[in-house]
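Visitor: No letters, just coordinates:
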């Protein structure tokens, strides 16, 4: 059973994960508005991953005997001055999320909650990947600068990224039964 403090901390982090999904959707539509559909697609995949992070955390709360609680999601920014600025925002955001995950791990340790500490290790490891990925795309955007042909090449490359919900994280698993 989760302590009240751990339950609340996980709910707050799930809200931050959902905000991350919202932010990346906002970035996706920003990139659509400037006709960079590959960058938009990359952001949409990122938004999907963040939604999975949200579901995984809320599912854990419920399975651990806690109470998952939905909270209002802050409206994200919706415009940037350049692709490079948007990808800088991604990198900065992921570093901030890493700090939040480490703080959450600290709560699990202070609450002597080994099960939640073990659960959160997945997020610690995931943030290493997220920071590496965001650093790589930021480097591509920086290298392209304002060079239209280089931006178009980076846009095509990043547009190859695909997303599929991992097994067990289908949003509507019973929908197939309706057919």
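Guide: Here it is on my side, so go on. Note that this is a predicted model, so its numbers are computed, not measured.
Visitor: tell me, what residue is most central in the protein?
Guide: In the chain, the residue lying closest to the centroid (Cα atoms, centre = their mean) is residue 50, at 3.0 Å.
Visitor: Mind listing what's buried along stretch 143-154?
Guide: 144, 151, 154 (16 or more other Cβ atoms under 10 Å). Every residue, glycine included, has its C-beta placed from N, CA and C.
Visitor: about what we covered before: who's in contact with the residue nearest to the centre of the chain?
Guide: The contact partners of residue 50, taken as Cβ atoms under 8 Å, 6 or more residues apart in numbering, are 17-18, 20-21, 24.
Visitor: try it again with 7 Å
Guide: 17, 20-21, 24 (Cβ atoms under 7 Å, 6 or more residues apart in numbering).
Visitor: For residue 6, pull up the helix or strand it's in.
Guide: helix 4-33 (DSSP states H and E).
Visitor: How much space separates the residue nearest to the centre of the chain from residue 33?
Guide: Look at residue 50 and residue 33: by Cβ to Cβ, to the nearest Å, they are 21 Å apart.
Visitor: Can you list the buried residues in the host helix or strand of residue 59?
Guide: Element membership for residue 59 (DSSP H and E) is helix 37-63. For helix 37-63, a neighbour-count test (16+ other Cβ under 10 Å) marks 37-58, 60-61 as buried.
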